[in-house]
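A.B. asks: below: sequence and its predicted model.
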Amino acid sequence: MPKPVQAHEIIAACPHDCSDNCSMLWTAEGQTLTSVRGHPDHPYTRGGLCVKVNHYEERVMSEDRVLYPLRRSGPKGSGRFERISWDEALKTIGERWRSIIDKYGTQAILPYAYMGNAGMLNGAWSGDPFFNKLGASIAEKTFCDSGSASAYLMTLGPCAGLDTESFAHSKFIILWACNTISTSLHHWPFIAEAQKNGAKVVVIDPVRSRTAKKADWHLPIRPGTDGMLALAMINILISEGLCDDDYVAQHTVGYDDLKVRASEYTPERAAEACGVSADDIRTLAREYAANQPSAIRIGVAIERHTGGGQAVRAISCLPALVGAWRRPGGGVYQLPLWACPTHWGNILRPDFIKPGTRVINQWKLADTLLGAAPEVRSPAPPIKSLFVYCSNPVVVAPEQQRLLEGLAREDLFTVVHEQFMTDTARYADIVLPAATVAEHAEVIVSWGSFYINYNRAAIEPLGESVSNTEMFRRLAKEMAFDDPFFERDDEQMLADAFDWSAPVFETNGGLDALKNQGFIRYVAEGPESFAPHANGGFPTPSGKVELLSAMAEGGNMVGGIFRQGSEEFQDGAPVDPLPHYIPPQETAPDSSLAAKYPLAIISPKSHAMLNSQYANLARQKRHAGEQQVRIHPQDAASRQIADGDRVSVMNDRGSFTARAVVTDDVQVGLVSAPLGYWAHTSGGSSVAAVNSSRWADMGRAPTFSDTRVEVAKL
Ligand SMILES: Nc1nc2c(c(=O)[nH]1)N[C@H]1C(S)=C(S)[C@@H](COP(=O)(O)OP(=O)(O)OC[C@H]3O[C@@H](n4cnc5c(=O)[nH]c(N)nc54)[C@H](O)[C@@H]3O)O[C@H]1N2
Ligand SMILES: Nc1nc2c(c(=O)[nH]1)N[C@H]1C(S)=C(S)[C@@H](COP(=O)(O)OP(=O)(O)OC[C@H]3O[C@@H](n4cnc5c(=O)[nH]c(N)nc54)[C@H](O)[C@@H]3O)O[C@H]1N2
Ligand SMILES: [Mo]
């Protein structure tokens with residue numbers, strides 16, 4: 001039993017963009033953060049932490065923290081800086097921006113942010129009101145989940161979906177492209193409990209991941225073919241009469257159309273595409289139907305394929321067909337935070353956007369800085385200033401080589417707000433010091449369980465570091481904004497961020513309970529009884545599960561919560577209102593690149609890093625080792641590569657070096673290299689070097705996992 005909360009411990013929340021969103025407790029002595037542990041009372045995270053955060057005090061107190069404003073004193077990328085005062089930093093930014101605005105207009109400034117901090121106050125959107133007011137170009141943030149979320153919303157609407165805690169009550173669990181043990185560890189005990197009670201746990205993953213090794217059944221699917229597998233499952237459910245006819249009749253629309261569509265996707269056809277036998281596909285569909293309640297968790301890897309959106313569409317249809325929604329522990333988990341009464345309008349301030357402001361998608365940063373993106377071609381103004389916070393695009397965005405060229409532009413004025421001297425910060429003209437979550441108050445809405453977590457500052461900001469909220473208050477003053485919105489303190493921002501009059505906040509004690517306890521549940525029912533769709537009631541246009549999607553038919557998809565301006569997510573290409581299979585493009589067997597680059601590559605999350613965070617810290621470096629690439633013995637042998645050899649992984653976009661791990665955990669023809677390693681400490685490049693910025697079919701999701709490479713011994 002973990003120790004109960006002690007008087008000296010301070011309520012904390014993990015700030016990372018991980019669906020666990022652990023509730024924690026800080027211990028501090030004066031201005032030193034001495035330790036952190038998991039909050040023992042949190043119903044989902046239950047006192048445990050992970051290899052990344054167990055010693056978060058080492059991150060906070062690290063000697064490598066950027067603690068003062070810096071001005072570049074060497075060539076871009078050299079990492080040479082000199083210390084300046086905050087006044088001077090703000091004055092420099094203000095002067096440069098005013099002169100850029102005079103010459104090119106406000107849209108020559110581009111903000112760039114993601115989830116380095118997942119907080120409601122200091123997260124990806126903490127700068128949106130400021131940059132909207134300034135009139136900067138809008139940065140469209142579709143880094144994660146926009147494709148999956150679009151597909152889910154088209155099918156089920158903005159509902160919480162399946163409670164991850166209620167997986168404990170499931171009888172059949174599919175972890176579909178999700179490496180739970182590494183990326184959402186705190187979900188595992190609930191899955192293990194179900195497993196102990198007889199539930200079968202199936203992992204669908206081209207790699208024998210840590211999670212696949214714990215499953216009852218691992219289906220090593222060919223990457224990018226999940227849509228085909230899901231459609232074949234639908235085919236079997238319908239043709240073998242395995243559907244819950246009553247649930248389908250009452251709570252779905254489009255069944256007859258889907259039936260016709262699914263008839264194209266026979267198990268034999270799917271077997272050929274997916275590399276899984278037709279018998280296995282039949283067994284999967286039959287067992288999925290027979291064992292209710294059945295649960296599916298969708299990982300982000302599916303959406304990183306050319307047809308990823310439609311694959312999630314097909315998977316989202318499955319639970320309704322078998323009536324899984326009838327009971328707690330049945331349905332699909334994708335992204336629950338739609339159910340949280342959040343005041344997005346107060347957080348993003350889309351009303352500040354001047355009509356006609358251009359939108360620049362963050363995946364296209366290289367093209368944007370190099371003047372190749374259509375949005376920045378003359379007569380449109382070029383981007384003359386880039387302001388990065390909560391993101392490390394050099395590592396996480398594609399086309400790394402071209403991106404570095406763009407960042408090296410002498411005429412580009414780059415400001416980076418950071419905790420560490422990352423690859424991206426090294427290209428800044430001005431670096432502003434960012435506080436960590438131990439140094440400011442924060443609120444996190446979990447995207448992996450139904451909780452909101454609170455975090456108190458344990459120490460004052462170290463050096464001259466500031467939180468994002470404080471930085472944007474200072475910038476607003478520098479730019480002479482007179483709207484009192486920009487003077488709000490963190491308390492006021494918290495009050496504005498949620499609809500505190502919502503009924504759920506009556507039930508759970510609202511803000512007071514959040515602050516005292518450290519967490520509150522954002523839906524009223526507990527996991528043992530949470531089955532809101534037992535009798536339908538989906539928040540779609542029809543109120544039913546839309547097997548045939550009205551949103552797609554109207555050409556108007558709702559989604560992409562990270563897109564500012566409106567809740568509408570208009571995409572150029574029409575979306576098929578019925579799920580269908582879009583095969584991989586670059587990695588298609590008959591692709592023209594197949595001869596030159598015979599291997600497909602995926603870049604999943606590293607066990608010991610959080611996206612690109614911790615790549616520079618000793619403890620996690622010891623755990624993760626240097627950049628690896630996992631390759632099948634057959635592919636290694638034909639290239640004279642032995643386990644442990646240093647290799648180059650390359651395609652026409654770029655290359656990176658890695659240590660080969662020869663293992664049949666990956667399939668023939670596929671290599672896997674974890675994301676996270678910094679370029680400047682890994683020989684100048686990392687896995688983003690081989691990725692393209694091409695979008696997938698929905699939500700402007702990336703297509704990283706539809707990439708070809710060759711691997712050669714160095
Ligand atoms: N340790 C750690 N935890 C993290 C993060 C981290 O960086 N490190 N990042 C956080 C973030 S931002 C996110 S979005 C989540 C993501 O967490 P996950 O959804 O688990 O994402 P990934 O690790 O990218 O991929 C999961 C699995 O999908 C498999 N996969 C790849 N391509 C395919 C495919 O085409 N089909 C199928 N079926 N499987 C495929 C990979 O082999 C991998 O095992 O993790 C969060 N948690
Ligand atoms: N190849 C490949 N690329 C990927 C992915 C993949 O699986 N493969 N995954 C994608 C996904 S799912 C995601 S979510 C993105 C993640 O993309 P990012 O969110 O950009 O990833 P992080 O590495 O977490 O970078 C965040 C940076 O913010 C800094 N930071 C932390 N807290 C604060 C703060 O409070 N204020 C400021 N100013 N800075 C702070 C950290 O030090 C860190 O350098 O990457 C995407 N890119
Ligand atoms: Mo993510």
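C.D. replies: All right, it came through fine. Residues are numbered from 1 along each chain as shown. Ligands and ions are numbered 1, 2, ... in the order given.
A.B. asks: give me every residue that touches the closest residue to ligand 2 within the stretch 451-600 of the chain.
C.D. replies: With CB to the nearest ligand atom as the measure, Asn468 is the residue of the stretch 451-600 of the chain nearest to ligand 2, at 4.9 Å. Every residue, glycine included, has its C-beta placed from N, CA and C. Contacts for Asn468 (CB atoms under 8 Å, 6 or more residues apart in numbering) come out as Asn117, Leu121, Asn122, Gly123, Ser126, Gly127, Tyr389, Cys390, His417, Ala434.
A.B. asks: so what does it look like in phi/psi?
C.D. replies: Listed backbone geometry of Asn468 is phi -60, psi -40, with angles given as degrees, to the nearest 10.
A.B. asks: same thing with Ala637?
C.D. replies: Dihedral pair for Ala637: phi -60, psi -40, per degrees, to the nearest 10.
A.B. asks: near ligand 2, anything from stretch 200-218?
C.D. replies: No. Contact check for stretch 200-218 against ligand 2, using CB under 6 Å from any ligand atom: none in range, with a minimum separation of 13.1 Å.
A.B. asks: enumerate the positions of that stretch that are buried.
C.D. replies: The neighbour-count check on stretch 200-218 (16 or more other CB atoms under 10 Å) flags 200-212, 214-215, 218 as buried.
A.B. asks: show me which of the residues you listed neighbour ligand 1.
C.D. replies: Intersecting the buried residues of stretch 200-218 with the contacts of ligand 1 gives Ile204, Asp205, Pro206, Val207, Ser209 (criterion: CB under 6 Å from any ligand atom).
A.B. asks: which strand residues bridge the first one?
C.D. replies: To tie it back to what came earlier, the one meant is Ile204. Here Ile204 shows beta-bridge partners Trp176, Leu219, assigned using DSSP bridges.
A.B. asks: is it correct that it is in contact with Ala215?
C.D. replies: No. Under the criterion of CB atoms under 8 Å, Ile204 lies out of contact with Ala215, with a separation of 9.4 Å.
A.B. asks: list residues touching both of the two?
C.D. replies: By CB under 8 Å, 6+ apart, Ile204 and Ala215 have these common neighbours: Leu175.
A.B. asks: and the longest helix anywhere in the chain, what does it pack against?
C.D. replies: Selection of the longest helix in the chain by residue count, based on DSSP state H, yields helix 86-104. Applying 3 or more CB pairs under 8 Å, 6 or more residues apart in numbering; DSSP states H and E, one finds that helix 86-104 makes contact with strand 70-72, strand 109-113, strand 385-389, strand 413-418, strand 430-433, helix 468-478.
A.B. asks: 6 Å - rerun?
C.D. replies: Counting contacts by 3 or more CB pairs under 6 Å, 6 or more residues apart in numbering; DSSP states H and E, helix 86-104 packs against helix 468-478.
A.B. asks: how far away from the center of its chain is the helix it packs on?
C.D. replies: Between the centre of helix 468-478 and the centre of its chain there are 26 Å (CA atoms, centre = their mean, to the nearest Å).
A.B. asks: and the angle from that helix to helix 86-104?
C.D. replies: Relative orientation of helix 468-478 with respect to helix 86-104: 60 degrees, computed using axes from the mean of the first three to the mean of the last three CA atoms, to 10 degrees.
A.B. asks: count of neighbours near the closest residue to ligand 2 within the chain?
C.D. replies: Residue nearest to ligand 2 within the chain: Gly116 (2.0 Å; CB to the nearest ligand atom). Number of residues near Gly116 (other CB atoms under 10 Å) recorded here: 27.
A.B. asks: now swap in Ala476 and tell me
C.D. replies: Residues lying near Ala476 (other CB under 10 Å) number 19.
A.B. asks: number of residues surrounding the nearest residue to it once chain neighbours are set aside?
C.D. replies: In space, not counting the residues next to it along the chain, Ala476 is nearest to Phe486; the distance is 3.6 Å by CB to CB, 6 or more residues apart in numbering. Other residues within reach of Phe486, judged by other CB under 10 Å, total 18.
A.B. asks: pLDDT at Phe486, what is it?
C.D. replies: Per-residue pLDDT puts Phe486 at 98.
A.B. asks: quick check, it in a strand?
C.D. replies: No. Note on Phe486: no strand contains this position according to DSSP: H, G, I helix; E, B strand; the rest coil, which reports helix.
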